[in-house]
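Visitor: The following block contains a protein sequence and its predicted model.
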Amino acid sequence: MSGFVVRPEPARVEGLTHLHTGKVRDLYATGSGDLVMVASDRISAFDWVLPTEIPGKGRLLTQLSLWWFDRVADLVPDHVVSDEPPAGAPADWAGRTLVCRRLDMVPVECVARGYLTGSGLAEYRVDGTVCGVALPEGLEDGSELDEPIFTPATKAEVGDHDENVSFETVVERHGAGLAGELRDLTLRVYARGREVARDRGVLLADTKFEFGRDTDGSLVLADEVFTPDSSRYWPADEWAPGGPQPSFDKQVVRDWLTSAASGWDRAADAPPPELPESVVRHTMDRYAEIFRRLTGSEPKL
Ligand code: ATP
Ligand code: MG
């Protein structure tokens, strides 16, 4: 079992229709056909949305996405219309809301990897490939790849694993034209992110994009971009392949959940417990640290 420990109630706002409750974001449609995306403070781990929130996380992710959309704007158009919550929205939506163009989403999680870890490493250990891409022998957890690779996945419902697929599978499902476009855009935007991060002493190990199609069929970068929820960031000066890297994401949460202290029996499919205050604080500190390192400023929480 997995999913929500506590299913959140959508807000009622005049003029908005609730469309979807994602792991982190709540989606509403406006009367004019736009999308309102509200980033909550929810956090997920091991396919569960945890019962404890990380106060400030939604605002931080929203501001970081906006910062990054600006830095890739010459490479790809994005879905943002405005960061002003619509009239009548709860006060708490300020800073965590993006009004976006509602796109026809391409159901492919567009992942780029410059380093080998996570599900990529697990696949490599079985047969030396990741999503059908053959890699040289002898790579370890955290190894840098000679060339970044496109490793698509299919999007799962809340509570399910995304599934890695080969480029050929994307071609079969969506055609060679769209598949090639997704791969090229993914690698191009990732290269930019990596360069910007590297200048700031941070390795962008991998990332996930979601693209949607505009009414004219062109691809638009949607969802969130280069946030620590969608990307693995590692401090460059601590990078040492051969094991897990210190990272600026929810590692703190995963480590605590899998430690004896949590008392959580993950294998028994029990819902995960509330996080202790110290884990909440430490997690937010890591998110704030990556925000500062990248943008050089403080997040407005
Ligand atoms: P994850 O991001 O971990 O895969 P999720 O799908 O539950 O999980 P959320 O970030 O909580 O993600 O929800 C955002 C939802 O909004 C996603 O389903 C995403 O595909 C969708 N989305 C993002 N931007 C747009 C857009 N411009 N038009 C339509 N749908 C969008
Ligand atoms: Mg998402």
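Guide: Arrived safely, thanks for sending. Ligands and ions are numbered 1, 2, ... in the order given.

Visitor: Please count neighbours and contacts with C-alpha atoms only from this point.
Guide: Noted.

Visitor: in what helix or strand does the residue of the stretch 151-300 of the chain found nearest ligand 1 lie?
Guide: Distances between the stretch 151-300 of the chain and ligand 1 by CA to the nearest ligand atom are smallest at residue 223, namely 3.5 Å. Element membership of residue 223, judged by DSSP states H and E, is empty: it is in no helix or strand.

Visitor: who's in contact with it?
Guide: Contacts of residue 223 were listed using CA atoms under 8 Å, 6 or more residues apart in numbering, and they are 79, 209-211.

Visitor: For this structure, give the helix that spans the most residues.
Guide: Within the chain, and with DSSP state H defining each element, the longest helix by residue count is helix 176-198.

Visitor: who's in contact with that helix?
Guide: Contacts of helix 176-198 with the rest of the structure, by CA under 8 Å, 6+ apart, involve 72, 75-76, 110-112, 148-150, 167, 170-171, 203-204, 207, 209, 211, 226, 236, 294.

Visitor: again, only this time at 6 Å
Guide: With contact meaning CA atoms under 6 Å, 6 or more residues apart in numbering, helix 176-198 is reached by 150, 170-171, 204.

Visitor: Residue 147 sits in which helix or strand?
Guide: Mapping residue 147 onto the secondary structure by DSSP H and E places it in strand 144-150.

Visitor: Same question for that strand: list its buried residues.
Guide: Residues of strand 144-150 classed as buried: 144, 148-150 (neighbour count, 16 or more other CA atoms under 10 Å).

Visitor: can you give me how far that strand is from the chain middle?
Guide: Distance of strand 144-150 from its chain centroid, counting by CA atoms, centre = their mean, to the nearest Å, is 19 Å.

Visitor: Output the contacting helices and strands for the helix or strand following it.
Guide: The first helix or strand that comes after strand 144-150 along the chain, using DSSP H and E, is strand 153-154. Helices and strands touching strand 153-154, as assessed by 3 or more CA pairs under 6 Å, 6 or more residues apart in numbering; DSSP states H and E, comprise strand 108-115, strand 163-164.

Visitor: one step back: any chance of the buried residues of strand 144-150 in CSV, with pLDDT and distance to ligand 1 too?
Guide: Compiled in CSV, those are given as follows (pLDDT from 0 to 100; distance: CA to the nearest ligand atom, whole Å):
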residue, pLDDT, distance to ligand 1
144, 98, 24
148, 98, 21
149, 98, 20
150, 98, 17
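
Visitor: ok, of those residues, which one's closest to residue 285?
Guide: Taking CA to CA as the measure, residue 285 lies nearest residue 144 of the buried residues of strand 144-150, at 26.8 Å.

Visitor: Phi first, then psi, for residue 162.
Guide: Summarising the backbone geometry of residue 162 under the convention degrees, to the nearest 10, its torsions are phi -70, psi 150.

Visitor: Go ahead and confirm it touches residue 151.
Guide: No: counting by CA atoms under 6 Å, residue 162 stays clear of residue 151, with 11.8 Å between them.

Visitor: Show me which of these two is the more surrounded one.
Guide: Neighbour count, other CA atoms under 10 Å: between residue 162 and residue 151, residue 151 has more, with 23 against 16.

Visitor: on that earlier part again, each with direction, which strands does the helix or strand following the longest helix of the chain pair with?
Guide: Read in the C-terminal direction, the helix or strand following helix 176-198 is strand 202-209, with elements assigned using DSSP H and E. Using DSSP bridges, the neighbouring strands of strand 202-209 in the sheet come out as strand 108-115 (antiparallel), strand 231-235 (antiparallel).
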